[in-house]
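Peer 1: mind looking at a prediction? Sequence and model below.
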Amino acid sequence: MNRRIYLYTLSGIFAAVILTLAVLFVCLPDKTFSSLENRTLQTLPDATPRQIADGRFESHFETYVSDQFPARDFWTRVNTGVCRLMGQTKSNGVFFGRGDRLVEDFIPPKEEQYAALNGAIRSFAAEHKDLSLYACVVPTAVSILPEALPSLCDAGDQNGYIDRLQKDMTAAGLHFIDLRQTFLMEKNSTSLYYRTDHHWTTDAAYLAFKEYAAAANLETAAVYDPLVVSRSFTGALSAVSGYTLPVRDEIRVYLPRDEGTQMISYTGEGKTDPTYYNIEALETRDKYALFLGGNHPQILIRTSSKSDKTLVILKDSYANCFIPFLGEVYRKIIVIDPRYYADDLGTLLRGQKADDVLLLFNANTLAKDTTLADVLQPK
Amino acid sequence: MVFSSLIFLIIFLPVTLIGYFVLPKRCRNTVLLIASLVFYAWGEPIYVFLMILSILVNYVLGVDIGRSAGARRTVLLIAAIIVDLLTLGFFKYYGFVVDTINGIFSLSLPVRELALPIGISFYTFQILSYIIDVYRGRVEVQKNPLRFALYVTMFPQLIAGPIVRYAQIEKELTDRIVTPERVTRGAEIFLFGLAKKVLLANTLGALFTSVQGADGRTALTAWIGMTAYALQIYFDFSGYSDMAIGLGHIFGFTFPQNFDHPYIAASITDFWRRWHMTLGGWFREYVYIPMGGNRVRPWRHVCNILVVWALTGLWHGAAWNFVLWGLYYGVLLLLEKYLFRKVLDKCPAAIRHIYTLFFVMIGWVLFAAGGLSEAAGMLADLFGRHGLADLTAAYALRSYGLWIAAGILCALPQTFSWYRRRTHDLPALTVLIGAALIFLCIASLVAGSYNPFLYFRF
């Protein structure tokens, strides 16, 4: 008798859950965007005979069902909670760290990939002996904050990677700026990395700028007033891993007391802007796009600096909050993101009469990247 | 479409069930056939026509074999077998055969990349069982094309088994009893199968994938990875079989058991009585026994076993590591039969279990590898090429130790008999557990894009 009660109740619950979800799925209006995942969601796909025959309709429709599933974010959170209860502390390459912090793992590059970059840097340095070349490979939280990593964690050896780059780049003739000493000293007094995002903070970028200025003999006199512009930033690591933290991040900008002027032109986009900051980004999820409005293939910045030097900076998104500090010390700055840049770098360096070249990347991006080697390789 | 997908659970299944139980009883076969064709066409919008063609050809040949006598009957049988095996061979083994010939003779014959039609290995074997049994007079000819088509296409077992022999559901195709007890029992089996696949197999699969891709594995990491794989492939496949059997009950069909707790086996022979039982049964019935089985001289018997096991390996995939995997089991079974059965019988149970699990795990190394060199690499790692243990192994245990423990627990029959007893004396507790599984499965399916089904290659 009990067994029958069990079977009937369980089957009843099963049927009820499925039917409720089916009815909700059909009745609830479709959403077009998931803020948790930061991507557009699949809406009802077109059913043309061609799309049905080649399977595109079917696969889009399955994505449609999972994307528009009732209470999708709730189910995802339940699942992350269960996985954490079972002891998992990593999701999509992101560690759920101690003290409310998400930390991206470091994945070492393949040997061929490393060799390609190293070779490109050597030939680039040999060809441009007349320029001052600087490289700054920024360590990320995985090597600066090991105490935030979960116990028994097997994170990739980022320190070893930076050591190796430092040795090879110095041998090639670049000035290597190693931030690790400074960051390890400052990490207890300064918040160097966002808790929910893979970027460094403006505070960390300012420390790096001071190191760079010292290494490049640039005179700096500017005094900055940090200003909090957002207290509700939930960054990309949270979206990638699905982990939600009980905290939000704060974004700060450093405003110079003696404000210079600058004009920022986004090359090829026909857009100019008198500030480094794109305030509208603070209303969106991707709040780090506050700095220079995110990534662009090429940016030309003209400033009112007393200096008359020109800098070409090859960079990833870490540089976006670093570049405003350069306005004091360079008259002209050309910013190149090798991931989106297709022109010839040598021509650009000659045409713009560059004095200094800076490579500024975080170690994680650089280890994954293959585009910098292409851009540096003389054509 | 797979059972462990959201579209199946909240769209296909409710629509099919409502159609099946709301429409008049005489429409049930038609509803099920239409549902099955939609189910198959969803994943194979083109190859569904190949399957329909296959059904038509074999229906006609079956009817003809039934009507004929003497030599004509045998000719028709051979024609049917050739047509079916050529179809299977063309789609599944063409590339493999050309590659092998190119390798042996250093040629470069062009290989045309053909996508493997889902489930073709399963439904071809089902069709062959019907044709051969009609020829042998074991079953009646199915004159109703709709029922024959339903036998071949029935969606619960269409793409991943169990391999149902025609004789096993012959009666139910015409007349079957659907009771509330049976439907609810079917729902329970389906739910457990879903949980095996979604919660255990997918999670342990993620662990195995990370171990498989790692460099410099220590022995402990390699063993953790292979344990994860052994559990993954068991829960993946047996979970899928359970879902099929559960759905079968809901629609009134009795499908044969496919797994009987294989990891508690006390010998390799015992393991194969418990693993993928319907495939083993098929080969025994249609290949091994017709070749003379074990009622022949020992050397013939050895040949028979090796042929059957090479074919079993080849059935699992068109690559040499699968053939090797099959032969590996053939040799082990022969050794057990002719050499150390007596020694084995005298060993303590613990030794027999360790022996069995060890060789099964080595078998999975061959099975899981993308090729022979990858298998050799994993074997070397298992025996400590890169040292015994390191932090990676510790982290894997910390992250997946509880999942592995849950997997081992669910591989034991005691766990299920304990649960079954509690359904009698503590129904509230078991309902709670079952309901929790429903929610966890949905959460995991929504959260995971990670939902590959391993047996699709076959």
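Peer 2: Looks like it came in fine.
Peer 1: ranges for the strands of the stretch 101-250 of chain A?
Peer 2: Remark: strands assigned in the stretch 101-250 of chain A by DSSP state E, counting those that start in this stretch are A:101-104, A:132-138, A:175-176, A:224-233, A:249-256.
Peer 1: sheet partners, orientation included, of the shortest one?
Peer 2: Put plainly, it is strand A:175-176. Counting by DSSP bridges, the strands paired with strand A:175-176 are strand A:132-138 (parallel).
Peer 1: roughly how far is the strand it pairs with from the heart of the chain?
Peer 2: Strand A:132-138 has its C-alpha centroid displaced from the chain centroid by 19 Å (Cα atoms, centre = their mean, to the nearest Å).
Peer 1: for stretch B:386-394, same thing?
Peer 2: On Cα atoms, centre = their mean, the centre of stretch B:386-394 falls 33 Å from the chain's centre.
Peer 1: and the end-to-end length of that stretch?
Peer 2: 15 Å (Cα to Cα, to the nearest Å).
Peer 1: so for it, mean pLDDT?
Peer 2: For stretch B:386-394, mean pLDDT is 87.
Peer 1: what's the answer for stretch B:49-65, then?
Peer 2: Stretch B:49-65 shows a mean pLDDT of 93.
Peer 1: buried sites along that stretch?
Peer 2: Residues of stretch B:49-65 classed as buried: B:Met51, B:Ile52, B:Ser54, B:Ile55, B:Val57, B:Asn58, B:Tyr59, B:Leu61, B:Gly62, B:Val63, B:Asp64, B:Ile65 (neighbour count, 16 or more other Cβ atoms under 10 Å in any protein chain shown). Placement of C-beta: from N, CA and C, glycine included.
Peer 1: next: stretch B:213-229.
Peer 2: B:214, B:217-229.
Peer 1: can I get those residues in a markdown table with pLDDT and secondary structure?
Peer 2: A markdown table is the format used below for those (pLDDT from 0 to 100; DSSP: H, G, I helix; E, B strand; the rest coil):
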| residue | pLDDT | secondary structure |
| --- | --- | --- |
| B:Ala214 | 81 | coil |
| B:Arg217 | 90 | coil |
| B:Thr218 | 92 | coil |
| B:Ala219 | 93 | helix |
| B:Leu220 | 94 | helix |
| B:Thr221 | 94 | helix |
| B:Ala222 | 94 | helix |
| B:Trp223 | 95 | helix |
| B:Ile224 | 95 | helix |
| B:Gly225 | 94 | helix |
| B:Met226 | 95 | helix |
| B:Thr227 | 96 | helix |
| B:Ala228 | 96 | helix |
| B:Tyr229 | 96 | helix |
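Peer 1: name the helices or strands packed onto the longest helix seen in chain A?
Peer 2: The helix spanning the most residues in chain A, taking DSSP state H as the definition, is helix A:2-27. Packing partners of helix A:2-27 (3 or more Cβ pairs under 8 Å, 6 or more residues apart in numbering or on different chains; DSSP states H and E): helix B:13-22, helix B:180-195, helix B:413-425, helix B:427-447.
Peer 1: surely A:Glu127 is in contact with A:Arg350?
Peer 2: No. Taking contacts as Cβ atoms under 8 Å, A:Glu127 lies outside contact range of A:Arg350: 11.0 Å.
Peer 1: how about the residue in the stretch 251-379 of chain A that chain B sits nearest to, what does it touch?
Peer 2: Closest to chain B within the stretch 251-379 of chain A is A:Ala367: 15.0 Å, counting by Cβ to the nearest Cβ. Going by Cβ atoms under 8 Å, 6 or more residues apart in numbering or on different chains, A:Ala367 touches A:Phe106, A:Ile107, A:Pro108, A:Pro109, A:Tyr161.
Peer 1: quick one: which of those residues sit in helices?
Peer 2: The helices, defined by DSSP H, take in A:Tyr161 from those.
Peer 1: contact partners for residue 151?
Peer 2: Assuming you mean chain A. For A:Ser151, the contact set (Cβ under 8 Å, 6+ apart) comprises B:Arg398.
Peer 1: that answer is for a different chain, and I need it for chain B
Peer 2: B:Gln126, B:Tyr130, B:Gln142, B:Val164, B:Tyr166, B:Ile169, B:Leu173.
Peer 1: before we move on, back to that, let's have the strands of the stretch 101-250 of chain A in a markdown table, adding distance to B:Gly292 and mean pLDDT.
Peer 2: Output for those, formatted as a markdown table (distance: least, Cβ to Cβ, whole Å; pLDDT from 0 to 100):
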| stretch | distance to B:Gly292 | mean pLDDT |
| --- | --- | --- |
| strand A:101-104 | 63 | 94 |
| strand A:132-138 | 71 | 96 |
| strand A:175-176 | 76 | 96 |
| strand A:224-233 | 75 | 94 |
| strand A:249-256 | 75 | 94 |
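Peer 1: can you check which of these gets nearest to B:Ala376?
Peer 2: strand A:101-104 (34.2 Å; Cβ to Cβ).
Peer 1: just to revisit the earlier point, deepest of the strands of the stretch 101-250 of chain A, which one?
Peer 2: Of all the strands of the stretch 101-250 of chain A, strand A:101-104 carries the top mean neighbour count, a mean of 24, counting by mean count of other Cβ atoms under 10 Å in any protein chain shown.
Peer 1: now do the same for residue 38: its pLDDT.
Peer 2: Since you didn't name a chain, this refers to chain A. 64.
Peer 1: switch to chain B, please.
Peer 2: For B:Val38, pLDDT reads 93.
Peer 1: what is the neighbour count of it?
Peer 2: Close neighbours of B:Val38, defined as other Cβ atoms under 10 Å in any protein chain shown, add up to 15.
Peer 1: wait, a helix at it?
Peer 2: Yes. Assignment of B:Val38 by DSSP: H, G, I helix; E, B strand; the rest coil places it within a helix.
Peer 1: circling back to that earlier point, which helix or strand contains the residue of the stretch 251-379 of chain A closest to chain B?
Peer 2: helix A:363-368 (DSSP states H and E).
Peer 1: CA-only coordinates of that helix in CSV, if you can.
Peer 2: Presented in CSV, the C-alpha positions along helix A:363-368 are these (Å, rounded to 0.1, in the frame of the first residue of the first chain):
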residue,chain,number,x,y,z
ALA,A,363,49.6,37.6,-18.1
ASN,A,364,46.4,35.6,-18.6
THR,A,365,45.4,37.4,-21.8
LEU,A,366,49.0,37.3,-23.1
ALA,A,367,49.2,33.5,-22.5
LYS,A,368,46.1,32.9,-24.6
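Peer 1: now that helix: average pLDDT?
Peer 2: Taken as a whole, helix A:363-368 has an average pLDDT of 93.
Peer 1: counting contacts, what elements does the helix or strand just after it pack onto?
Peer 2: Sequence order places helix A:371-376 as the next helix or strand after helix A:363-368, per DSSP H and E. Packing partners of helix A:371-376 (3+ Cβ pairs under 8 Å, 6+ apart): helix A:111-127, strand A:310-315.
Peer 1: make a markdown table out of these and add mean neighbour count and mean pLDDT.
Peer 2: Formatted as a markdown table, the helices and strands packed on helix A:371-376 follow (neighbours: other Cβ atoms under 10 Å in any protein chain shown; pLDDT from 0 to 100):
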| stretch | mean neighbour count | mean pLDDT |
| --- | --- | --- |
| helix A:111-127 | 16 | 94 |
| strand A:310-315 | 22 | 96 |
